[in-house]
Every structure is written in C-alpha cells, then in structure tokens.
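*Asks:* output the structure for:
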Amino acid sequence: MAKQTDPRVLTRSPCHLLKRASQFAASIYMDQVGRTGLTQRQFAVLMAAERNEGASQTELVRLTGIDRSTLADLVARLMAQGYLQARRGREDGRTNAVRLTAVGRRALRAAEPGAGEADKLVIAAVPAKHRKGFIEGLMSLASRLEAEEPQASKAPKPRKARATAARSRGAKAEGG
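*Replies:* You can find the predicted model right below:
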C-alpha cells in the first residue's frame, strides 16, 4: 500500500495535485476574464499597482510573488499597452515608481467581476466543510514561501549563473 504522500502515486502527490489545482484555477480564470485580455499575472500586477500607488518593481515582486525578471517583462508590456507608467523614484533614482494609468484602471475594473467569479467557482469546487481549511492551507503555503524568499535572494548564485554574470559585467566594461 502506498503512503499518503508517495510522489510515485500522482493522485496522492501534493506537488502534482497543486499543479493540477493551479491548472483548474487558470482555466476558470481564462473562462471568466480571458475576454478582457488580462492574464492572471497581469491582473495581479495591476491590482498591486492600484493598491500600492508608486510602488517600486521590487515591491511589486514582493506583493505579487512574481519573480523579478518576469515582473520586469510584465511591467514593460503593461506600459506599452498604456496600463502602467513608471517614473524614477524620488528617494532612489535607481528604482521605478509604478503607477496605474486611467486606461489600466479601466482594464482592471473590466476584469474584476470575472476574477471575483473565478474565485467563487474555484472555491465552490471544494466541499463546503473544507473551504476554510483549504484557504488557510493556501495562505500558509504562501506565507512560508514569503518567509523563505529573503534567504533565497541572499543565497550564493549557482556557479554557472556567477560565470554568466561575470561575462556580462566584462562585456559591459568593454563597451559591449
């Protein structure tokens, strides 16, 4: 008999089940919000920018859980679409203060009803007696990830990443 969390039994693997649950949630989100053109990540960035006026991209990484390079690409695309604007920060000229534009606010308002409905449909798929525990479990996982992220960012880069970064610095120093 397989253990309850045996990864060889996919129907009992927490990692596999979370991936499947994520696919389910993404499918529902696209059914409800897809017509607005905003992906889940774009929606999260716009929501975070609205609720944290002038946040830096580093703050948006922390607020959304989206990795730094992906968030930078998202912000660039959302700026190109006119949804966001960025200005150099007043206190630190190396950072960008990100703000939602009027166009971005309209896009966010158009997507909000569908995003709310998607959340309702996802939670409705969980038996009523387990919903509170389900949400608490997800919040616990998210909190654990957030608590571990600062240590991960301070960890030494893998050897290959250090070598690539060194070559990149060398190319920049040579004008390339």
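*Asks:* now do the SS call for the spatially most central residue of the chain.
*Replies:* With distances taken as CA atoms, centre = their mean, Ile66 lies nearest the centre of the chain, 3.3 Å away. Taken by DSSP: H, G, I helix; E, B strand; the rest coil, the conformation at Ile66 corresponds to coil.
*Asks:* pretty sure it is touching Val45, no?
*Replies:* Yes - proximity of Ile66 to Val45 meets the contact threshold set by CB atoms under 8 Å, at 7.1 Å. Yep, even glycine has a C-beta here, placed from its N, CA and C like the rest.
*Asks:* so what sits against both of the two?
*Replies:* Common contact partners of Ile66 and Val45 (CB atoms under 8 Å, 6 or more residues apart in numbering): 60, 74.
*Asks:* mind pulling up the pLDDT for Ala72?
*Replies:* Note on Ala72: pLDDT of 93.
*Asks:* do the same with the one 10 residues further on
*Replies:* Among the per-residue scores, Gly82 shows a pLDDT of 97.
*Asks:* now tell me which helix or strand of the protein has the poorest mean pLDDT.
*Replies:* Using mean pLDDT, DSSP states H and E, helix 159-173 stands out as the lowest-scoring helix or strand of the chain, at a mean of 48.
*Asks:* low-confidence stretches in the protein?
*Replies:* 1-7, 89-94, 149-176 (pLDDT under 70).
*Asks:* mind redoing it with 80?
*Replies:* Along the chain, the parts satisfying pLDDT under 80 run over 1-8, 88-95, 149-176.
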